[in-house]
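J.: what's the 3D shape of this:
(3 chains)
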Amino acid sequence: MASGFWGGYALPTAIVVGEVIAVVVPLLIAIAYFTYAERKVLAFSQLRKGPNVVGPFGLLQPIADGVKLFLKETVVPSGANRIVFVAAPMVTFTLALVAWAVIPFDYGIVIANINVGILYLFAISSLSVYGIIMAGWASNSRYAFLGALRSAAQMVSYEVSIGFVLVTVLLCAGSLNLTDIVMAQQHIWFCIPLLPMFVIFFVSGLAETNRAPFDLPEGESELVAGYFVEYSAMTFALFFLGEYGNMILVSAMTTILFLGGWLAPFGVVPFTWVPGPVWLALKVAFVCFCFLWVRATFPRFRYDQLMRLGWKVFLPFSLLWLVLTAGVLTGMGWVPVR
Amino acid sequence: MIIQTIMFYAFSAVAVASGVMVVSARNPVHSVLFLILAFFNAAGLFVLMGAEFLAMILVIVYVGAVAVLFLFVVMMLDVDFARLRSGFLRYLPIGALIGFILLAELILIFGSWELAPSVATAKAAPMLVGGISLTNTRALGDLIYTRYIFAFQTAGVILLVAMIGAIVLTLRHRVGTRRQSIAAQLARTRAQSVEVVKVRVGEPVDGV
Amino acid sequence: MHSFAPPALLPALPELVLVCSAMLLLLIGVFRGEGSSRLVSWLAVLALVVTLGLAVRVGLEPRVSFYGMFVTDPFAAFMKTLVLLGSAVTILMGMRYFEDHGIARFEFPVLVMLASTGMMIMVSANDLITLYLGLELQSLALYVVASFDRDSPRSSEAGLKYFVLGALASGLLLYGASLVYGFTGTTNFAALATAVSSGGAPSAGLIIGLVFVAIGLAFKVSAVPFHMWTPDVYEGAPTPVTAFFAVSTKMAAIALFIRFLVEPFGPLLAEWRQIIVFLSVASMILGSVAAIAQSNIKRLMAYSSIGHIGYALIGLAVGTSSGIRGVLVYMAIYLFMNLGTWAVILCMRRNGQMAEGIADLAGLARTQPGLALALAIFMFAMAGVPPTAGFFSKLYIFLAAIDAHLNGLAIIGVLASVVGAFYYLRIVKVMYFDEPLAAFDRPISAELKGVLLVTAIVTLFFILLPDPIVGPAQAAAASLFGK
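T.: Below you'll find the predicted structure:
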């Protein structure tokens, strides 16, 4: 029985744990350096220098920030609902990590290659709103609550059009499996035939991650810091990590759905020498850069404009495009059958 | 198999426990959070049964959309649960009686339960077509758009009615609110909005 | 891939036409904006009439479609005719009312059309899934129209009450349906019928499932003891909506009740008869006794409709072709007398306010003799006084009951109608012998006049020409047992 236990349970568990560590550790480093990248990119676009004191080119800045947050005291406001208050950042952070279970880094390199990968991602991204509303409610503060309400309304609204975009993509790919979706882009990346949906997805992704120009839930000029105004030290750090993790996740989703995932841009020799995961990382980095670029460029939306864009522009348009895609696929006999 | 069994009991136990907490929690927000936990465990049970599509849809629709709005409302309302519960003891006997009758019926029913011999084959049948195993997304799609097309379309009409109903009962056109008219803003020309006036020192400007 | 033949659309043509025109009218309403309610209402009436014609034509012979989920036959055609008549007349009667109350919105006719679609699906249900979806489509639209006067607390309360209890009823029905499915392995009515008739003694689970579905349906027809919502909802909802509740809803629910019990569960007549007998006796007695104390005419009509459902259920308890024919004739005549009565109630306005008390009718014979005569005809008919149509509708039912040796039920029915006659005739007495109050507002709108005239003629002269109702009812009942 002992060999059965070791071979049947312990070894697979150890392998899974190893896989998880192999994904999470680089991810956390990426998140840390994404915050650094943000400060640098914003600085350059504003003709400043950005962090340049801690380490060469300020490269150790994220580590210093992390240590600072780790050593500070966690303050729980006296009127707060303790359990929910502490649980909220954990929810945000955990959700930002678990979504990576289905992201394929190359053909066959994925922790869980499930049939409904795209739905799993959609489900996880629709859950991330919970961390925010729980935080807003549990803080027992008006700023935080307003931020939470804004964020809930905003995320639910933009999820609808994201859902339609996903349906268009899966119509073209004929599968809900993320590896299949990437493989369906061997001839042409979906960002070309589905360009409008690509744009909608990217913009909705900005709204879904509460990024500028849709950062009303934080809205520092009106709500101080929105839903995490009462958070400090490690609880704040978890929110921070979760938020940047979500951004990288949305970039990865964009890459997989529209930019051909790990595929090389051209299937010819110099490009195919570069391994798949590197291509994926490059593309994700580019989309992440676009997030920062947008933040440096556009002013914040007003709340009614935000809602109008979601419900009156994106929703009808993506619905129309969905019908159009389905019609073209059926009419031309291009429906993918697997 | 052992892991599946353990997971089954874990999911079911947590689902039942959180169901109990939904009704017994003192704070309505906690109730909703427990409801969400119950949904999650139900989704877990679906996954164990191999119905991954249903599991994901359950999470997306119920947890991701319905429960969010629910939580939203519960947080905004100032529900006084103590007052709501004031009649609880008074109605307890009759409630307990009805609950007991239902329980007795359920026990009676399960006493006479037997699995039809065709169930085992029927369960396996639609998933295998021509020897190829289907993903359950495709199997559901095959049925919904053919065999159950009438039910599917009727459900669509029901949703339309729900939408009309929500609009009829809540939409109010308030007078006096200023709405942004983007078309009007874009149609504005320079001539309409800017006027260049020569101002002479010591003389009033016309119309100002 | 499965290869499925596309389903035949012809059997569902009336429903398709109705639902498509409802969506078209919705678009017209939205694009024309406020003030389009009259146009949309007339177009809705037109669409309902066209649908009625199609339903009658399609229902001439039995057809099954959508892989056994949907059926049309003469029975369905008969009940759909009644439903659609009720809906069309509701829209006609409602136009002026909603305009006078400042709540004329184009959504009302659209919702009525969608509710009618739901009712037609209920009538044509041949599967537990179709049954439930039809019921929900109808109920959801009804919850909304019940609180259509959204600024009135009473109307909102009516909608909310109806919603909560309706949801409970749907829950019970679904619970029952799941038990039925669990114990037979099918949701299709035809397959259920084979399963039920072949299996020997029915299992306890099947019976309990049947009972729960029956309870859910009893809520919808408002049979005692599941009637509690009826008076409050009838009183609170806008009057044309109440008329719609009292007429079309009842038609669809009773048709569903009949089809569900007779088709799949016909072999279990002995089991469900007791339930129906109990519902019937309780409804007749409560409908008659509780109505006596009412002073508001809408509440009175609520109890009256509970009582009438009791009588109709006698025919269902009989469970034979002649019993079902009795129910169908009863419901047809109930439709005409009820629509007429509601038309009169809609005329009861003083200084722009609805006057809903029975005392408000005092001396109507002297101020508005025509209106008083019409109401008197309807009240006599409701009480079952010969030679009005109401007498014959009860006669068919009681005769069928005696044929089936349900003498006790027939006797209770007769006694209850004697008690019930008291409050119907009290209204006639108030109109003809009490001191007159100020006259009601005039002029009465042309639509109401037309409705009053037609319903009064049908109610009064049914005795001369019963065939247009009894003939199709006979064929409809036969079609239910022919299979």
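J.: helices along the stretch 51-200 of chain A, start to end?
T.: Remark: helices assigned in the stretch 51-200 of chain A by DSSP state H, counting those that start in this stretch are A:61-71, A:82-98, A:117-138, A:142-173, A:178-183, A:195-208.
J.: nearest to chain B, of those?
T.: helix A:117-138 (3.0 Å; CB to the nearest CB). (C-beta placed from N, C-alpha, C; glycine too.)
J.: touching chain B at all, the closest one?
T.: Yes - interface with chain B: helix A:117-138 contributes A:119-120, A:122-123, A:126-127, A:129-130, A:133-134, A:137 (CB under 8 Å from any CB of the partner chain).
J.: so which bits of chain A are right by chain B?
T.: So far as CB under 8 Å from any CB goes, chain A lies against chain B at A:9, A:81, A:84, A:114-116, A:119-120, A:122-123, A:126-127, A:129-130, A:133-134, A:137, A:145, A:148-149, A:152-153, A:155-156, A:159, A:163, A:176, A:304-305.
J.: quick check on those residues: which are buried?
T.: A:81, A:84, A:114-116, A:119-120, A:122-123, A:126-127, A:129-130, A:133-134, A:137, A:145, A:148-149, A:152-153, A:155-156, A:159, A:163, A:176 (16 or more other CB atoms under 10 Å in any protein chain shown).
J.: quickly check: stretch B:148-162 near chain A or not.
T.: No - Stretch B:148-162 does not reach chain A (CB under 8 Å from any CB); its nearest approach is 13.6 Å.
J.: what's next to that stretch, contact-wise?
T.: Applying CB atoms under 8 Å, 6 or more residues apart in numbering or on different chains, the contact partners of stretch B:148-162 are B:144-145, C:7, C:12, C:19, C:23, C:66-67, C:69-70, C:111, C:114, C:117, C:121, C:129-130, C:133-134, C:136-137, C:140-141, C:144.
J.: and for stretch A:283-297?
T.: Outside stretch A:283-297, the residues touching it (CB under 8 Å, 6+ apart) are A:34, A:37-38, A:41-42, A:45-46, A:202, A:206, A:209, A:211-213, A:247-248, A:250-252, A:254-255, A:259-261.
J.: make a PyMOL selection of the buried ones in these.
T.: Listed next is the PyMOL selection for buried residues among the contacts of stretch A:283-297, using 16+ other CB under 10 Å:
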select buried, chain A and resi 34+37+38+41+202+206+209+211+212+213+247+248+250+251+252+254+255+259+260+261
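J.: so which elements touch the helix or strand in which B:Phe110 is found?
T.: Assigned by DSSP states H and E, B:Phe110 belongs to helix B:88-111. When contacts are defined as 3 or more CB pairs under 8 Å, 6 or more residues apart in numbering or on different chains; DSSP states H and E, helix B:88-111 sits against helix C:204-221.
J.: who does the helix it packs on touch, helix- and strand-wise?
T.: Against helix C:204-221 (3+ CB pairs under 8 Å, 6+ apart) you get helix B:88-111, helix C:153-184, helix C:250-262, helix C:269-292.
J.: could you single out the most deeply buried of those?
T.: Mean neighbour count, computed with mean count of other CB atoms under 10 Å in any protein chain shown, is highest for helix C:250-262 among the helices and strands packed on helix C:204-221, reaching a mean of 25.
J.: is any residue of that helix near chain B?
T.: No - Helix C:250-262 stays clear of chain B (CB under 8 Å from any CB), getting no nearer than 14.4 Å.
J.: thinking again about what came up before, winner for burial among the helices of the stretch 51-200 of chain A?
T.: helix A:117-138 (a mean of 25).
J.: can I get that helix in PDB, CA atoms only?
T.: In PDB, the C-alpha atoms belonging to helix A:117-138 read as follows (Å, rounded to 0.1, in the frame of the first residue of the first chain):
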ATOM      1  CA  GLY A 117     -10.600  27.300 -19.900                       C
ATOM      2  CA  ILE A 118     -12.000  30.500 -21.400                       C
ATOM      3  CA  LEU A 119     -15.100  30.200 -19.100                       C
ATOM      4  CA  TYR A 120     -12.800  29.600 -16.100                       C
ATOM      5  CA  LEU A 121     -11.000  32.800 -16.900                       C
ATOM      6  CA  PHE A 122     -14.200  34.700 -17.300                       C
ATOM      7  CA  ALA A 123     -15.500  33.300 -14.100                       C
ATOM      8  CA  ILE A 124     -12.400  34.300 -12.100                       C
ATOM      9  CA  SER A 125     -12.300  37.700 -13.600                       C
ATOM     10  CA  SER A 126     -16.000  38.200 -12.700                       C
ATOM     11  CA  LEU A 127     -15.200  37.300  -9.200                       C
ATOM     12  CA  SER A 128     -12.500  39.800  -8.600                       C
ATOM     13  CA  VAL A 129     -15.200  42.400  -7.900                       C
ATOM     14  CA  TYR A 130     -15.900  40.600  -4.500                       C
ATOM     15  CA  GLY A 131     -12.600  41.600  -3.000                       C
ATOM     16  CA  ILE A 132     -13.400  45.200  -3.800                       C
ATOM     17  CA  ILE A 133     -17.000  45.300  -2.500                       C
ATOM     18  CA  MET A 134     -16.100  43.400   0.600                       C
ATOM     19  CA  ALA A 135     -13.300  45.800   1.300                       C
ATOM     20  CA  GLY A 136     -15.600  48.800   0.700                       C
ATOM     21  CA  TRP A 137     -18.300  47.500   2.900                       C
ATOM     22  CA  ALA A 138     -16.200  46.200   5.700                       C
END
